[in-house]
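>>> Provided below for reference: sequence and predicted model.
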Amino acid sequence: MYGVAKSITFIIVRDFCVAIRKHLQPLMIEKLTSSSIRRMANEFEKLQNIPYVFGVVYGNVLIIAPPIDQASYYCRNVFYLILLQGVIDAKCKFWDYNF
């Protein structure tokens, strides 16, 4: 569709996943347990006054304009971004999904 070979696509996806793991691992919270879920819900209620919430889907990641196809990453708010969805806690730390 985009004129990129499957083998190159595989390498790009693999390198992207490695980079995400390397740079986002320090931002991830502990594995979910019933006590950690209660604690996160209490933090959300304390910070935002919203009860029974312990995670939020978040997806905007600001980036430097790529050299190719900048228009695809341009946001109407005058910056560039990609969508990388994950669930964050009240302190904006990503969840560890390996539970």
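Received, thanks.

>>> all contacts plus neighbour counts: C-alpha atoms, from now on.
Noted.

>>> what element comes up after the one helix or strand in the chain whose mean pLDDT sits lowest heading to the C-terminus?
Ranking every helix and strand in the chain by mean pLDDT, DSSP states H and E puts strand 56-63 at the bottom, with a mean of 77. Using DSSP states H and E, the helix or strand that follows strand 56-63 in sequence is strand 74-75.

>>> How far off centre is that next one?
18 Å (CA atoms, centre = their mean, to the nearest Å).

>>> What pLDDT is listed against Trp95?
Confidence at Trp95, expressed as pLDDT, is 69.

>>> Make 27 the starting number, not 1.
Happy to do that; since the first residue is 27 now, the last one works out to Trp121.

>>> Which positions in the least confident helix or strand of the chain come out as buried?
Buried positions in strand 82-89, judged by neighbour count with 16 or more other CA atoms under 10 Å: Val82.

>>> Over to stretch 92-105?
Residues Tyr99, Tyr100 are the ones in stretch 92-105 that count as buried (16+ other CA under 10 Å).

>>> For the biggest helix by length in the chain, list the C-alpha coordinates in PDB.
Longest helix of the chain, by residue count under DSSP state H: helix 32-50. Extracted C-alpha coordinates of helix 32-50, given in PDB (Å, rounded to 0.1, in the frame of the first residue of the first chain):
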ATOM      1  CA  LYS A  32       7.300  -6.600   4.200                       C
ATOM      2  CA  SER A  33      10.800  -7.300   5.500                       C
ATOM      3  CA  ILE A  34      11.400  -3.600   6.000                       C
ATOM      4  CA  THR A  35       8.000  -3.200   7.700                       C
ATOM      5  CA  PHE A  36       8.900  -6.000  10.100                       C
ATOM      6  CA  ILE A  37      12.200  -4.300  11.000                       C
ATOM      7  CA  ILE A  38      10.500  -1.000  11.600                       C
ATOM      8  CA  VAL A  39       7.800  -2.500  13.800                       C
ATOM      9  CA  ARG A  40      10.400  -4.500  15.800                       C
ATOM     10  CA  ASP A  41      12.600  -1.500  16.300                       C
ATOM     11  CA  PHE A  42       9.600   0.600  17.300                       C
ATOM     12  CA  CYS A  43       8.500  -1.900  19.900                       C
ATOM     13  CA  VAL A  44      12.100  -2.100  21.300                       C
ATOM     14  CA  ALA A  45      12.200   1.700  21.500                       C
ATOM     15  CA  ILE A  46       8.800   1.900  23.200                       C
ATOM     16  CA  ARG A  47       9.900  -0.700  25.800                       C
ATOM     17  CA  LYS A  48      13.200   1.000  26.400                       C
ATOM     18  CA  HIS A  49      11.800   4.500  26.900                       C
ATOM     19  CA  LEU A  50       8.400   3.800  28.500                       C
END
